[in-house]
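Asker: sequence below, structure please.
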Amino acid sequence: MPDSQQETPALPVTDAERVEQLLSTPGYFPPDRYWLHILLFLATLASTVFSGGQWANRMLAYDMEGTAAFIEDGLIFGVSLLLFLTVHEFGHYFAARYHGIRTSLPYYIPLPLIGIGTLGAVIRIRQPIPNMNSLFDVGVAGPVAGFVIACVVLFGALVTLPSPEYMMDLPGHDEMKDYIAEHGRFPDSAPAPAAPVEGEVEAVNIVVGQTLLYWAATSLFDDIPPMYEMYHYPALFAAWLALFFTALNLLPVGQLDGGHILYALVGRRWHRILARGFVLALLLSGGVGFMFDAAPGMDEFRIWLGPYNWVALTAIYYLYLLRVFDANHGQIAPALLGLMLATVLVSLAEPLATAIGHSGWLVWCLLIVFLIKVDHPPIAQTQPLSRGRILLGVISMIIFVLCFSIQPITVM
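Answerer: Numbers count the residues shown, from 1 in each chain. All right, here's what the predicted structure looks like:
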């Protein structure tokens, strides 16, 4: 047979190539490992139930009654929080499937024995989002759906809220109990704790931040526990967390839900400008909080950097801005100067600094600039959104404002 007519033998197809061919097939969805999703869900449920029982802290004794109270509180907290997470993630999931975008089922992230028992849940989108409409729909569906559930949990918790005498079942809180016994209501401000006995650890108050929606909702009811005791109420605490997680997801940066929505609304150029401005605002809050929280501790313990707190803060700002502005010193220099000037001015006005400063935003900005990223990846097909989508985008921004707290958790 002439060479021109010889057939070239086919090379064997490797497993990796076969998988790649399948993934590139239009309409193909790789099978979900259902056992893994179920296992992670159950592990997260168990860890949040345990954490919820600890936060409520009604286990006065290790007996049947104390164990029952622990499990009851834990289930209320865990089920409420996972209901919110599940609805939020499936909002993304069904919006993606509606647009034919390959995606996984939610992966729940348990965090046993620490914090609230979970780091949330995520879905994996397995292909680029093709256009602005699908980007917007996938981004907005999760927080809007989750927000509805958060409101249901919040008002359900408020309707079923026990009287202030509920605090009598908790260990400690002696000053609070004395006030409730005398007045039948919560005090307007936190009672001063008794001086610690020698050898005992000084008591601290964990205060969760007020949000506009939480304030508006609680103003409709009586006997609302103060923010420094609210975490003893499982459903109420789960509702507050759901609202705040909604706000975190709606931060207008990178590939967070708020970043998707903002990019679809205003395009790449304005997203870059607004996202950077928002990160600078968070850095300012974190820097002011650093000067009032971390810096005094550095002085107290005589760490060598203590006398140079402003130098330390300048270095911290600079390291963040290197990433925010992609090492462009023409942009870094004025941003750094502006941040330092604003931090000085706000710090001089102590009431303002106390109101907006929160060092925790330095940690959150670390996640943004190194993991989440500030910029949004480009979308292949750009088109203006419909009026309905624009209206929904504005509503999502209103939800962000209603649920956001500049000082989400402080320790006093």
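
Asker: what about the helices in the stretch 1-150 of the chain?
Answerer: 15-23, 34-56, 64-98, 132-159 (DSSP state H, counting those that start in this stretch).

Asker: do the same with the stretch 251-400 of the chain
Answerer: Under DSSP H, counting those that start in this stretch, the stretch 251-400 of the chain gives helices at 257-289, 295-300, 309-324, 329-348, 350-356, 360-367, 387-403.

Asker: between those helices, which gets the lowest average pLDDT?
Answerer: Mean pLDDT across the helices of the stretch 251-400 of the chain is lowest at helix 295-300; the value there is a mean of 56.

Asker: near Tyr263, how many other residues are there?
Answerer: 28 (other CB atoms under 10 Å). Every C-beta, even on glycine, is put in place using the N, C-alpha and C of the backbone.

Asker: hang on, I meant Leu256
Answerer: 21.

Asker: how much space between it and His99?
Answerer: 19 Å (CB to CB, to the nearest Å).

Asker: cool, and Thr218?
Answerer: Computed with CB to CB, the distance linking Thr218 and His99 is 38 Å.

Asker: of those two, which one has the most company?
Answerer: Higher neighbour count among Thr218 and His99: Thr218, with 19 against 16, using other CB under 10 Å.

Asker: who wins for proximity to Asp326 among the helices of the stretch 1-150 of the chain?
Answerer: helix 132-159 (23.1 Å; CB to CB).

Asker: so which elements touch the closest one?
Answerer: Secondary-structure packing of helix 132-159 (3 or more CB pairs under 8 Å, 6 or more residues apart in numbering; DSSP states H and E): helix 64-98, helix 212-218, helix 234-249, helix 257-289, helix 387-403.

Asker: give me the below-cutoff pLDDT ranges for the stretch 151-300 of the chain.
Answerer: Along the stretch 151-300 of the chain, the parts satisfying pLDDT under 70 run over 191-204, 294-300.

Asker: which of the helices and strands packed on helix 132-159 sits most buried?
Answerer: helix 234-249 (a mean of 24; mean count of other CB atoms under 10 Å).

Asker: and the angle for it with helix 360-367?
Answerer: Angle, helix 234-249 to helix 360-367, by axes from the mean of the first three to the mean of the last three CA atoms, to 10 degrees: 50 degrees.

Asker: can I get helix 234-249 in CSV, CA atoms only?
Answerer: Only the C-alpha atoms of helix 234-249 are listed here, as CSV (Å, rounded to 0.1, in the frame of the first residue of the first chain):
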residue,chain,number,x,y,z
PRO,A,234,-29.8,29.3,69.9
ALA,A,235,-32.4,30.3,67.3
LEU,A,236,-31.7,34.0,67.7
PHE,A,237,-28.0,33.5,67.5
ALA,A,238,-28.4,31.3,64.4
ALA,A,239,-30.5,34.0,62.8
TRP,A,240,-28.0,36.7,63.5
LEU,A,241,-25.2,34.5,62.0
ALA,A,242,-27.3,33.9,58.9
LEU,A,243,-27.9,37.6,58.4
PHE,A,244,-24.2,38.4,58.9
PHE,A,245,-23.1,35.5,56.6
THR,A,246,-25.4,36.9,54.0
ALA,A,247,-23.7,40.3,54.3
LEU,A,248,-20.2,38.7,54.1
ASN,A,249,-21.2,36.9,50.9
